[in-house]
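Novice: Quick one, fold the following:
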Amino acid sequence: MRGHGKWRRRWLCVAVLAIGGLMVVAAASAGEFAIRCQRVFQNNWKPTIDYEYNRCEGFNSRMDDYNTQIFYFNLNNGVGFTTADGAGPAGGVDTVDIFYVGTHGGASATDATLALKPVNTRTFSSTWKFGDTANQIAIFSQYACKTLQIDDNSFARWVNPFKGGLYLATGSHDILWDATPPTRLARITRTT
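Specialist: Next comes the predicted model:
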(Lines give C-alpha, C1' and ligand atoms only; values in the text may rest on other atoms or scores of the structure.)
Protein backbone atom coordinates (compact mmCIF):
# COMPACT_ATOMS: atom_id res chain seq x y z
CA MET A 1 0.00 0.00 0.00
CA ARG A 2 2.97 2.32 0.41
CA GLY A 3 3.34 2.66 -3.37
CA HIS A 4 -0.15 4.14 -3.86
CA GLY A 5 0.81 7.53 -2.37
CA LYS A 6 3.75 7.77 -4.76
CA TRP A 7 1.51 7.13 -7.79
CA ARG A 8 -1.12 9.59 -6.55
CA ARG A 9 1.52 12.31 -6.27
CA ARG A 10 2.77 11.54 -9.79
CA TRP A 11 -0.75 11.65 -11.27
CA LEU A 12 -1.51 14.84 -9.38
CA CYS A 13 1.68 16.39 -10.77
CA VAL A 14 0.74 15.29 -14.32
CA ALA A 15 -2.78 16.72 -13.88
CA VAL A 16 -1.47 20.07 -12.62
CA LEU A 17 1.01 20.31 -15.49
CA ALA A 18 -1.69 19.40 -18.03
CA ILE A 19 -4.11 21.99 -16.68
CA GLY A 20 -1.36 24.63 -16.62
CA GLY A 21 -0.39 23.75 -20.19
CA LEU A 22 -4.01 24.04 -21.34
CA MET A 23 -4.30 27.46 -19.71
CA VAL A 24 -1.14 28.66 -21.48
CA VAL A 25 -2.28 27.25 -24.84
CA ALA A 26 -5.70 28.87 -24.44
CA ALA A 27 -4.11 32.20 -23.56
CA ALA A 28 -1.50 31.96 -26.32
CA SER A 29 -4.08 31.22 -28.99
CA ALA A 30 -5.84 34.50 -28.24
CA GLY A 31 -3.74 36.05 -30.97
CA GLU A 32 -2.35 39.50 -30.08
CA PHE A 33 1.28 40.15 -29.24
CA ALA A 34 3.70 43.04 -28.84
CA ILE A 35 7.45 43.55 -28.66
CA ARG A 36 9.64 46.13 -26.91
CA CYS A 37 13.40 45.83 -27.38
CA GLN A 38 16.46 47.98 -26.74
CA ARG A 39 19.85 47.46 -28.38
CA VAL A 40 21.77 50.67 -27.56
CA PHE A 41 21.68 52.77 -24.41
CA GLN A 42 22.06 56.53 -24.05
CA ASN A 43 25.68 57.61 -23.43
CA ASN A 44 26.62 53.90 -23.28
CA TRP A 45 25.30 53.59 -19.73
CA LYS A 46 24.80 49.90 -20.55
CA PRO A 47 26.74 47.88 -23.15
CA THR A 48 25.19 47.56 -26.60
CA ILE A 49 23.41 44.25 -27.13
CA ASP A 50 24.49 43.58 -30.71
CA TYR A 51 22.05 40.78 -31.47
CA GLU A 52 19.00 42.17 -29.62
CA TYR A 53 17.03 43.30 -32.65
CA ASN A 54 17.74 39.93 -34.34
CA ARG A 55 16.17 38.15 -31.36
CA CYS A 56 13.17 40.48 -31.43
CA GLU A 57 12.74 39.98 -35.16
CA GLY A 58 12.95 36.22 -34.61
CA PHE A 59 10.16 36.39 -32.05
CA ASN A 60 8.14 38.57 -34.42
CA SER A 61 8.57 36.25 -37.40
CA ARG A 62 7.51 33.21 -35.35
CA MET A 63 4.46 34.96 -33.94
CA ASP A 64 3.11 37.00 -36.84
CA ASP A 65 2.21 34.02 -39.04
CA TYR A 66 -0.79 33.19 -36.86
CA ASN A 67 -1.15 36.16 -34.50
CA THR A 68 -1.65 39.90 -34.76
CA GLN A 69 1.20 42.22 -33.83
CA ILE A 70 -0.15 45.29 -32.02
CA PHE A 71 3.16 47.18 -31.71
CA TYR A 72 6.94 46.87 -31.90
CA PHE A 73 8.62 49.64 -29.88
CA ASN A 74 11.95 50.37 -28.25
CA LEU A 75 12.44 51.18 -24.57
CA ASN A 76 12.90 54.96 -24.75
CA ASN A 77 10.79 55.23 -21.59
CA GLY A 78 9.06 53.09 -18.99
CA VAL A 79 5.54 54.13 -19.91
CA GLY A 80 3.51 51.01 -20.54
CA PHE A 81 5.00 49.02 -17.69
CA THR A 82 3.61 51.09 -14.83
CA THR A 83 1.52 53.96 -16.18
CA ALA A 84 -0.67 53.45 -19.24
CA ASP A 85 -0.16 49.67 -19.20
CA GLY A 86 -3.50 49.39 -21.00
CA ALA A 87 -2.64 51.90 -23.74
CA GLY A 88 -1.39 50.57 -27.08
CA PRO A 89 0.16 53.87 -28.23
CA ALA A 90 2.19 53.89 -25.00
CA GLY A 91 3.47 50.34 -25.53
CA GLY A 92 1.31 49.03 -22.71
CA VAL A 93 1.88 45.47 -21.53
CA ASP A 94 -1.84 44.85 -20.92
CA THR A 95 -2.86 45.70 -24.49
CA VAL A 96 -1.88 42.24 -25.76
CA ASP A 97 -2.04 38.57 -24.82
CA ILE A 98 1.69 37.89 -25.24
CA PHE A 99 4.34 40.53 -24.54
CA TYR A 100 8.05 40.13 -25.36
CA VAL A 101 10.76 42.45 -24.03
CA GLY A 102 14.48 42.28 -24.77
CA THR A 103 17.02 44.39 -22.84
CA HIS A 104 19.47 44.21 -19.95
CA GLY A 105 17.90 42.81 -16.80
CA GLY A 106 18.68 42.05 -13.22
CA ALA A 107 17.36 41.36 -9.76
CA SER A 108 17.57 42.88 -6.32
CA ALA A 109 15.98 41.65 -3.09
CA THR A 110 12.71 43.40 -3.98
CA ASP A 111 12.63 43.73 -7.77
CA ALA A 112 13.27 42.24 -11.15
CA THR A 113 14.55 45.10 -13.30
CA LEU A 114 14.61 45.94 -16.98
CA ALA A 115 16.96 48.58 -18.37
CA LEU A 116 15.50 51.42 -20.45
CA LYS A 117 17.36 53.56 -22.98
CA PRO A 118 17.84 56.79 -20.91
CA VAL A 119 20.88 56.91 -18.61
CA ASN A 120 20.37 55.02 -15.33
CA THR A 121 16.70 54.36 -16.04
CA ARG A 122 15.02 51.07 -15.20
CA THR A 123 11.56 49.74 -14.68
CA PHE A 124 10.98 47.74 -11.49
CA SER A 125 8.70 44.72 -10.98
CA SER A 126 7.39 46.10 -7.66
CA THR A 127 5.62 48.79 -9.72
CA TRP A 128 4.05 46.38 -12.26
CA LYS A 129 0.59 44.85 -12.05
CA PHE A 130 -0.17 42.96 -15.24
CA GLY A 131 -3.45 41.43 -16.37
CA ASP A 132 -5.89 43.89 -14.81
CA THR A 133 -6.59 46.38 -17.63
CA ALA A 134 -7.39 46.48 -21.35
CA ASN A 135 -6.73 43.14 -23.08
CA GLN A 136 -5.22 41.60 -19.94
CA ILE A 137 -1.83 40.07 -20.69
CA ALA A 138 -1.45 36.32 -20.22
CA ILE A 139 2.26 35.74 -21.01
CA PHE A 140 5.09 38.18 -20.18
CA SER A 141 8.28 36.94 -21.85
CA GLN A 142 11.68 38.53 -21.24
CA TYR A 143 15.07 38.10 -22.85
CA ALA A 144 17.03 39.74 -20.05
CA CYS A 145 19.51 38.57 -17.42
CA LYS A 146 18.37 37.38 -13.99
CA THR A 147 14.78 38.65 -14.10
CA LEU A 148 13.61 35.26 -12.83
CA GLN A 149 16.51 34.67 -10.46
CA ILE A 150 15.72 31.75 -8.18
CA ASP A 151 16.38 32.53 -4.53
CA ASP A 152 14.55 33.38 -1.29
CA ASN A 153 13.27 36.65 -2.83
CA SER A 154 11.72 35.22 -6.02
CA PHE A 155 8.16 35.47 -4.74
CA ALA A 156 8.60 39.01 -3.44
CA ARG A 157 9.98 40.18 -6.80
CA TRP A 158 7.03 38.80 -8.79
CA VAL A 159 4.00 39.00 -6.50
CA ASN A 160 2.85 42.41 -7.83
CA PRO A 161 3.02 41.61 -11.57
CA PHE A 162 0.89 38.50 -10.99
CA LYS A 163 -1.74 40.25 -8.84
CA GLY A 164 -3.56 41.51 -11.90
CA GLY A 165 -4.07 38.11 -13.50
CA LEU A 166 -0.84 37.44 -15.40
CA TYR A 167 -0.61 33.66 -16.08
CA LEU A 168 3.04 33.12 -16.99
CA ALA A 169 6.35 35.00 -16.93
CA THR A 170 9.36 33.64 -18.79
CA GLY A 171 12.93 34.84 -18.48
CA SER A 172 16.38 33.93 -17.26
CA HIS A 173 17.41 32.92 -13.76
CA ASP A 174 21.05 33.79 -14.47
CA ILE A 175 23.30 35.71 -16.85
CA LEU A 176 22.63 35.39 -20.58
CA TRP A 177 25.49 35.16 -23.07
CA ASP A 178 25.45 35.78 -26.79
CA ALA A 179 27.10 33.36 -29.20
CA THR A 180 30.20 35.04 -30.64
CA PRO A 181 32.24 36.47 -29.12
CA PRO A 182 30.98 35.54 -25.66
CA THR A 183 29.91 38.82 -24.13
CA ARG A 184 28.24 38.97 -20.75
CA LEU A 185 25.10 41.06 -20.49
CA ALA A 186 25.69 43.30 -17.47
CA ARG A 187 23.71 42.70 -14.31
CA ILE A 188 21.48 45.52 -13.16
CA THR A 189 21.00 46.11 -9.47
CA ARG A 190 18.71 48.63 -7.92
CA THR A 191 20.48 51.57 -6.36
CA THR A 192 18.93 54.13 -4.07
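Novice: per-domain residue ranges of the protein.
Specialist: 1-30, 31-170 (automatic domain parsing).
Novice: hey, which of these is tucked in deepest?
Specialist: Of all the domains of the chain, domain 31-170 carries the top mean neighbour count, a mean of 19, counting by mean count of other C-beta atoms under 10 Å. Just so you know, the C-beta spots here come from the backbone N, C-alpha and C atoms, and that holds for glycine as well.
Novice: Straight-line length of it, end to end?
Specialist: 18 Å (C-alpha to C-alpha, to the nearest Å).
Novice: what's Gly92 in contact with, if anything?
Specialist: Gly92 makes contact with Val79, Gly80, Ala84, Asp85, Gly86, Thr133, Ala134 under the criterion C-beta atoms under 8 Å, 6 or more residues apart in numbering.
Novice: hmm, I was thinking of Gln69
Specialist: With C-beta under 8 Å, 6+ apart, Gln69 has these contacts: Glu32, Phe33, Ala34, Ile35, Asn60, Met63.
Novice: Checking it next. Helix, strand or coil?
Specialist: Taken by DSSP: H, G, I helix; E, B strand; the rest coil, the conformation at Gln69 corresponds to strand.
Novice: Over to Phe140?
Specialist: On the three-state scheme (three-state DSSP), Phe140 is labelled strand.
Novice: And the domains of the chain, which one averages the lowest pLDDT?
Specialist: When the domains of the chain are ranked by mean pLDDT, domain 1-30 comes last with a mean of 50.
Novice: coming back round to it: ok, of the contacts of Gly92, which one's closest to Lys146?
Specialist: Gly80 (21.6 Å; C-beta to C-beta).
Novice: can you pull the contacts of that closest one?
Specialist: Arg36, Phe73, Ala87, Ala90, Gly91, Gly92, Val93.
Novice: that older thread, can the contacts of Gly92 go into CSV with extra columns for distance to Thr48 and secondary structure?
Specialist: Output for these, formatted as CSV (distance: C-beta to C-beta, whole Å; DSSP: H, G, I helix; E, B strand; the rest coil):
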residue, distance to Thr48, secondary structure
Val79, 23, coil
Gly80, 23, coil
Ala84, 28, coil
Asp85, 28, coil
Gly86, 32, coil
Thr133, 33, coil
Ala134, 32, coil
